[in-house]
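Student: Let's see this in three dimensions:
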Amino acid sequence: MYHATLFALYQLCILIGIVAMPLAIAARQAGVTLPIHRVLANVEEELEARQSEE
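Tutor: Sure, this is the predicted structure:
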């Protein structure tokens, strides 16, 4: 169950990143960065760690 939830969270983070792309571009032009990449990297790292345990 944990693995499925983690995978769903990973997919949700990717979706949020895609949807937030126009906002992220506008924010970057204004000098602000959104931490979506850090969240995605953390979730991806955890997902890969769990997959290697199985």
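
Student: which residues sit against the helix-or-strand element of the chain with minimal mean pLDDT?
Tutor: Within the chain, no helix or strand scores below helix 36-53, which has a mean of 83 by mean pLDDT, DSSP states H and E. With contact meaning CB atoms under 8 Å, 6 or more residues apart in numbering, helix 36-53 is reached by Tyr2, His3, Leu6, Phe7, Leu9, Tyr10, Cys13, Ile14, Ile16, Gly17, Ala20, Ala24. Just so you know, the C-beta spots here come from the backbone N, C-alpha and C atoms, and that holds for glycine as well.

Student: Among those residues, which are located in strands?
Tutor: Under the assignment DSSP state E, those contribute nothing to strands.

Student: buried ones in the least confident helix or strand of the chain?
Tutor: Applying a neighbour-count criterion of 16 or more other CB atoms under 10 Å, one finds Ile36, Val43, Leu47 buried in helix 36-53.

Student: Ignoring the adjacent residues along the chain, who's closest to the second one?
Tutor: On the basis of CB to CB, 6 or more residues apart in numbering, the spatially nearest residue to Val43 that is not a chain neighbour turns out to be Tyr10, at 4.9 Å.

Student: for Val32, helix, strand, or coil?
Tutor: Remark: Val32 carries the secondary structure label coil [criterion: DSSP: H, G, I helix; E, B strand; the rest coil].
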